[in-house]
Structures are given as C-alpha cells and as structure tokens.
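Asker: Got a predicted structure plus its sequence, pasted below:
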Amino acid sequence: MTQRVNFVAIDGGRRRFLGMGLMTAAGIAVVASLSACSVSRTGNVTTVTINVAEIKDYSQAGLNAVTTVLSIAAVASAIGTPAVGIIGLADTALSTALSDFSTAAGSTLTITYDDTNCKSRVDSILSALTKVKSDLSAAISGVSTKVSSTDLSDANTALNALGTIVSAFKALLDSVAARRHVGARLSGAAAPSQAQVQQALKVLGVTA
C-alpha cells in the first residue's frame, strides 16, 4: 500500500518543501531508519525530512578516511607513491564535490534532488566518495601481507567505517529516488542503522 509523502530539506534549522510523492509503507520504514532522514506523519500525509548537513558529514568522513589511512606511515610506505597519487586524485575530487555542494547550499538550502544542478552536485559527492572507498580498498588489500597486523587493522577500521558511510549515502538517495519511482533503489542493499552510521562517523573523526 502506498502513502502520500512530502519531502523537505533542512539545513541550519531551516526547512524547505521539496515536493510530494508516493512511497510504500516498507519504503517509509527504511527511510525512518536512516540517520540522515526523519519521518513524521499527520493524518494520511507522511513527511520525509532530509538533513542536508549530514551529506556534508558523509563527505568529510571520506576525506578523513584518506587522511587516516595515509597517516599510518607503514601503510602509506607499502602502498607506494603511484597508488598514493591515485588516492590523492580521488580525495581531491571528493573535496571539490563537497566544496561545490557547500557553495550551492550556502547558509540556507533551497534545492530539490529533481533539479538537474542539485542532482548533479549530490551525485558527484556520492561518486567521488565511492571512488575514494574503492581506491583505499584496493591499496589496503594490496599491502595486506606487507604491514603489521596492528597497522593493517587500523587501516581496515577506517575503511570499514567509510563503507558504512557510503552505504548510508546510497540508502539516503534511494529514499529520494522513491519520490518518482516507488521501490526504486540505487544500491539494492539494506541501510545501516543510525547507531552504525554514528559510530562510523565517530571513527572517522566527524561529529554529527
């Protein structure tokens, strides 16, 4: 059974109505589990509020993951200059995507995910964040037999936390995509719990 849903963006305490759509009860339950969303219901209308500030937190977590992994001297040395350079390019792309998004958002966010410019900026962050995770994963995997178990564990802790953040970001956009196509999904995976996302952000030095 589908329900009418209002979509609202919130940043700095300011709310902006994004539009209206339909979601299944199951879809609403998934959205309610996301740390970047909250769900309220008045009569037959369900309102999904997207906390845009958390998109910035997810982006910063990706940048911090790179810093954390490369700050482990033994890991950075084993990875080697070429791989570090590749990771650096992904890091720069994410930083640029976050900067573009933050500039567009300003102090009050009045955008809708259906808007071409907004969608492009948000999708760029997810793409860059995913690339950072992929590059870090490949690099860490490649040196798994060359560094101490302690250093490897520290690197994997950061990588796993980033994986949780990427999953949460994909789940967030899944919920927005459902505005136009009920049941549409980007990742096809279950969303991490709020506790898991908060812990991942904490591991990566982001205070939500």
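Answerer: Yep, it's here.

Asker: what bits of the chain have low per-residue confidence?
Answerer: The model of the chain has pLDDT under 70 over residues 1-51, 105-119, 175-190, 208.

Asker: redo that, cut-off 50
Answerer: The model of the chain has pLDDT under 50 over residues 3, 5, 7-11, 14-21, 30-31, 33-37, 108-115, 179-187.

Asker: Name the residues of the top helix by length along it that are buried.
Answerer: Assignment by DSSP state H gives helix 149-177 as the longest helix of the chain. Within helix 149-177, the residues that count as buried by 16 or more other Cβ atoms under 10 Å are 151-152, 154-156, 158-159, 161-177. For glycine as for every other residue, the C-beta is placed from the backbone atoms N, C-alpha and C.

Asker: ditto for stretch 69-80
Answerer: Within stretch 69-80, the residues that qualify as buried are V69, L70, I72, A74, V75, A76, A78, I79, counting by 16+ other Cβ under 10 Å.

Asker: What strand or helix carries the first one?
Answerer: So that's V69. Counting by DSSP states H and E, the element that carries V69 is helix 53-70.

Asker: Toward the C-terminus, what is the element adjacent to that helix?
Answerer: Counting by DSSP H and E, what follows helix 53-70 is helix 73-79.

Asker: what comes into contact with that following helix?
Answerer: Where contact means Cβ atoms under 8 Å, 6 or more residues apart in numbering, the residues beyond helix 73-79 that reach it are 69-70, 84, 87, 139-140, 142-143, 146-148, 151-152, 154-155.

Asker: List the contacts of stretch 195-204.
Answerer: Here stretch 195-204 has contacts from 34-36, 57, 60-61, 64-65, 68, 157-158, 160-162, 164-165, 168, 192, 207-208, using Cβ under 8 Å, 6+ apart.

Asker: Buried ones in whichever helix or strand comes after the longest helix of the chain, by neighbour count?
Answerer: Tracing the chain C-terminally past helix 149-177 and defining elements by DSSP H and E, one meets helix 194-203 next. For helix 194-203, burial by neighbour count (16+ other Cβ under 10 Å) applies to Q194, Q196, V197, Q198, A200, L201, V203.
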